[in-house]
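Asks: After the sequence you'll find the predicted model.
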There are 2 protein chains.
Amino acid sequence: MSAELVAEHGLTINDYEALLHLSRAEEGRMRRVDLAGLLLLTASGVTRLLDGLETAGLVERASCASDRRVTYAVLTEAGRTRLQQASLSHVAGVRAFFEARYSGEELEQLAALLGRLPGAADATHEDCTG
Amino acid sequence: MSAELVAEHGLTINDYEALLHLSRAEEGRMRRVDLAGLLLLTASGVTRLLDGLETAGLVERASCASDRRVTYAVLTEAGRTRLQQASLSHVAGVRAFFEARYSGEELEQLAALLGRLPGAADATHEDCTG
DNA sequence: AGGCTATAGTTGAGTACGCAACCAATATAG
DNA sequence: CTATATTGGTTGCGTACTCAACTATAGCCT
């Protein structure tokens, strides 16, 4: 699933999630640290991740006027497009995976319980709203 | 948790789980492929994992009389001891983690639901019975 | 018997991280 | 206003994997 579906679009799970979070963020941009938090990665992990997305043209850097330490990661148009394509097959895949094993009621229970875990930023409606 | 507690014993999560599975297996030994399946690793992943455990003296190799392709991974006495030490703090940590967030009833629901996922080899009683 | 195909395992190359060390900019203290 | 601590970010190095290629054995099938 992570493997096949997402790799078909040339995106790893974290690539995908990074784009997703950016697409949800105001103006499609986020400080790298904050992104790290959401992705459950370290700062260095995010640096490397964004390196890839950047050379792929899906994300750009922007600097912050009020604090010159921070550089934003901002979603490009290409990134937004790519995310939408990938989310098509990805959310379908995930949905199929769970619906094959659980009833609607069980899915709600799972979502409620798992949603209380540390890094769970409400993935209930993870289609691509960007 | 994986990080602190298990690394305190010099074991990664997969090291730990490998020892656990071996301790539960008949005669404390298992074919490397089967172990790979349980650990959700590839064959090469297991080779490398066992390399480590082997040089640490926690696991040994044994060959199979009826099929000369297979080599077993067998738990040594040192391995069994180490597992028991580690499981002390590890299961306590895991238990604390979940009990801090869920009620008894919720834990049963979670166990029931998550137990139906692909690699879930009934971890309900994962104390070290070895 | 000989020739496929599948299975168990290892190895080399590449990837995705974490950790520790570092630099630069900012905040806090004195 | 200097001195120190904190925060955002990058880089070097090590680790835990995967994938693809390879060897050796085993089970067919004719």
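Replies: Perfect, I can see it now.

Asks: okay, CA-based contacts and neighbour counts for the rest of this
Replies: Noted.

Asks: wait, does stretch A:110-117 contact chain B?
Replies: Yes - for stretch A:110-117, a contact with chain B is found by C-alpha under 8 Å from any C-alpha of the partner chain, at A:110, A:113, A:116.

Asks: Can you spell out which helices and strands pack onto the host helix or strand of residue A:52?
Replies: Using DSSP states H and E, residue A:52 sits in helix A:43-55. Where contact means 3 or more C-alpha pairs under 8 Å, 6 or more residues apart in numbering or on different chains; DSSP states H and E, helix A:43-55 is packed against helix A:13-24, helix A:32-39, strand A:59-63.

Asks: Now do the buried residues in it.
Replies: A:46, A:49, A:50, A:53, A:54 (16 or more other C-alpha atoms under 10 Å in any protein chain shown).

Asks: Could you list which of these also contact DNA strand C?
Replies: A:46, A:49 (C-alpha under 7 Å from any atom of the strand).

Asks: quick one: which of the buried residues of helix A:43-55 is nearest DNA strand D?
Replies: Distance to DNA strand D across these (C-alpha to the nearest atom of the strand) is lowest for residue A:46, with 6.7 Å.

Asks: Take the residues of stretch A:110-117 next to chain B and keep only those in helices.
Replies: Counting by DSSP state H, the residues of stretch A:110-117 next to chain B place A:110, A:113 in helices.

Asks: For ChimeraX, write a command that selects the buried ones of the residues of stretch A:110-117 next to chain B.
Replies: Buried residues within these, by 16+ other C-alpha under 10 Å, are selected in ChimeraX with:
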select /A:110,113
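
Asks: Out of the residues of stretch A:110-117 next to chain B, which is nearest to residue B:105?
Replies: When the residues of stretch A:110-117 next to chain B are compared for distance to residue B:105 (C-alpha to C-alpha), residue A:113 wins out at 11.3 Å.

Asks: In this structure that closest one contacts residue B:110, no?
Replies: Yes - counting by C-alpha atoms under 8 Å, residue B:110 is a contact partner of residue A:113 at 7.3 Å.

Asks: For chain A, which residues are neighbours of DNA strand C?
Replies: A:12, A:14, A:40-46, A:48-49, A:66-69.

Asks: From those, list the ones also adjacent to DNA strand D.
Replies: The residues of those that also fall near DNA strand D, by C-alpha under 7 Å from any atom of the strand, are A:43, A:44, A:46, A:48, A:69.

Asks: Could you dump those residues into CSV with distance to residue A:19 added?
Replies: Output for those, formatted as CSV (distance: C-alpha to C-alpha, whole Å):
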residue, distance to residue A:19
A:43, 17
A:44, 17
A:46, 12
A:48, 14
A:69, 22
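
Asks: residues of whatever helix or strand residue A:97 lives in that come out buried?
Replies: Using DSSP H and E, residue A:97 sits in helix A:77-101. By 16+ other C-alpha under 10 Å, the buried positions in helix A:77-101 come out as A:79, A:80, A:82, A:83, A:84, A:86, A:87, A:89, A:90, A:91, A:93.

Asks: Pick out the most distant pair among the residues you listed.
Replies: Spatially, the most separated pair among the buried residues of helix A:77-101 is A:79 and A:93, at 20.6 Å (C-alpha to C-alpha).

Asks: Thank you kindly, that will do.
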